[in-house]
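Participant: Give me coordinates for this.
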Amino acid sequence: MRVFGSGGAFGYYGKFRLTNGQPATLYCTCLDRVVVLKTEKIFYIISPSDPEGFHRTLQVQK
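Facilitator: A predicted model of the protein is given here:
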């Protein structure tokens, strides 16, 4: 559910609430390749151009 934001030709961004009620911030250009990042308080939903490479980079940074 969108709380505040936009969605359309240039992508999707804003504050949303997930189906379980958790708050989420969305920064996506394409909804076909989303990555969900969970922090202590909020979920971030992003769409990197290479989701697998992004995940590998995060794993190396640990």
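Participant: Skipping adjacent residues, who's closest to the residue nearest to the spatial centre of the chain in space?
Facilitator: Of all residues in the chain, the one closest to the mean position by Cα atoms, centre = their mean is Ile45, 0.9 Å from it. Of all residues not flanking Ile45 in the chain, Leu26 sits nearest, at 4.6 Å (Cβ to Cβ, 6 or more residues apart in numbering). The way it works is simple: take the backbone N, C-alpha and C, and place the C-beta from them, glycine included.
Participant: same deal with Leu37?
Facilitator: Per Cβ to Cβ, 6+ apart, closest to Leu37 is Tyr44, 4.3 Å.
Participant: Do you have the strands of the chain handy? List them.
Facilitator: Here the chain has its strands, by DSSP state E, at 2-8, 11-17, 23-28, 35-38, 43-46.
Participant: May I see the ones you listed arranged in TSV, with distance to Phe54 and mean pLDDT as well?
Facilitator: Formatted as TSV, these follow (distance: least, Cβ to Cβ, whole Å; pLDDT from 0 to 100):
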stretch	distance to Phe54	mean pLDDT
strand 2-8	22	59
strand 11-17	17	84
strand 23-28	13	90
strand 35-38	6	90
strand 43-46	8	92
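Participant: Throw these into a markdown table and include distance to Thr57, thanks.
Facilitator: Listed next are these as a markdown table, based on distance: least, Cβ to Cβ, whole Å:
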| stretch | distance to Thr57 |
| --- | --- |
| strand 2-8 | 26 |
| strand 11-17 | 21 |
| strand 23-28 | 17 |
| strand 35-38 | 11 |
| strand 43-46 | 13 |
